[in-house]
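*Asks:* Structure of the sequence below:
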Amino acid sequence: MLGPLFWGWFKAKTQEQHEWRYPTGPSEIKIAGTDPARILIIGDGPAAGFGVRTHQLGIAGHLARHLSRHIEGGVVVTVAAQPAASARSTRKCLSDIDVEGYDSIVLMLATTDAFCLTSRRSWRRNMTGLVHALKSTDASSVFVTSAASLHLARPLTPFARRLTGRHARTLNVETTRICAQTNTPMIWLDAASDLTSRTYAKWGRRIGTRVAGSMRVDHDRRVQISRSTHSYRGV
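*Replies:* Numbering: from 1, shown residues only. Model prediction:
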């Protein structure tokens, strides 16, 4: 019962503050280039750009620019996130999201579930279902991030911050197990004292480096398969 109360209190406390603002405008960031890499971000508040005015300043913009520098090519990052999304609600509405045609999918959840004190069983069931569903798409790679830092919940009392922070760590433990069982890379987000463009830049670099590495591995694998096929035909 405490979970819904915490979440409602947090929303009421922050709705008039800068920290509760979200980007307006297109939810797609494009970096020019031929045959651009296409990345989909699915998630909750941080994925939706909590605290900044445009997606250029959020995780999408920083990820797109960092990845483009890594691969020296074009990038398109699409955001499919809802501020109050949970693992359960995301899994429920996944059929409404076009998840096909992406090179990589990044799943950024746990903030809402930490505040709502979602049970480990529910988190495990819904996150496992989400990961399996996303890995069944034609995306070359799927990544899951850890929970964003709950030191950001300044309007909450110290007791509430400790409780939700501890629960976020519990969900991270479950996420680690899910990723290990499904052979899905997990990206740990550095702790942050505030959700600003600087924070998103740090996370964007972390995610972009992992995505770029996966794309290089996938490219090398395709080249190796192509060479093996040509070698076989030439025999």
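
*Asks:* Please, where are all the helices along the protein?
*Replies:* Using DSSP state H, the helices found in the chain span residues 2-14, 45-48, 59-71, 87-92, 111-115, 120-135, 158-182, 197-234.

*Asks:* surely Thr170 meets Arg120?
*Replies:* Yes: if you go by C-beta atoms under 8 Å, Thr170 and Arg120 touch, sitting 6.4 Å apart. For glycine as for every other residue, the C-beta is placed from the backbone atoms N, C-alpha and C.

*Asks:* Centre-most residue in the chain?
*Replies:* Met108 (2.6 Å; C-alpha atoms, centre = their mean).

*Asks:* Pairing partners for that one in the sheet, please.
*Replies:* Gly43 (DSSP bridges).

*Asks:* returning to that earlier point: most tightly packed of the helices of the chain?
*Replies:* Each of the helices of the chain was scored by mean neighbour count; the highest is helix 111-115, a mean of 28, by mean count of other C-beta atoms under 10 Å.

*Asks:* Show me what that helix packs onto, helices and strands only.
*Replies:* Applying 3 or more C-beta pairs under 8 Å, 6 or more residues apart in numbering; DSSP states H and E, one finds that helix 111-115 makes contact with helix 2-14, helix 45-48, helix 158-182.

*Asks:* redo that, cut-off 6 Å
*Replies:* helix 2-14, helix 158-182 (3 or more C-beta pairs under 6 Å, 6 or more residues apart in numbering; DSSP states H and E).

*Asks:* any idea which of these scores lowest on pLDDT?
*Replies:* Of all the helices and strands packed on helix 111-115, the minimum mean pLDDT falls on helix 2-14 (a mean of 59).

*Asks:* ok so, going back, dump the residue contacts of the residue nearest to the centre of the chain.
*Replies:* Residues near Met108 by C-beta atoms under 6 Å, 6 or more residues apart in numbering: Gly43, Pro46, Ala47, Thr145.

*Asks:* Which single one of the residues you listed is nearest to Arg206?
*Replies:* Thr145 (8.7 Å; C-beta to C-beta).

*Asks:* So that closest one sits against Ile187, correct?
*Replies:* Yes: Thr145 is within contact range of Ile187, at 4.8 Å (criterion: C-beta atoms under 6 Å).
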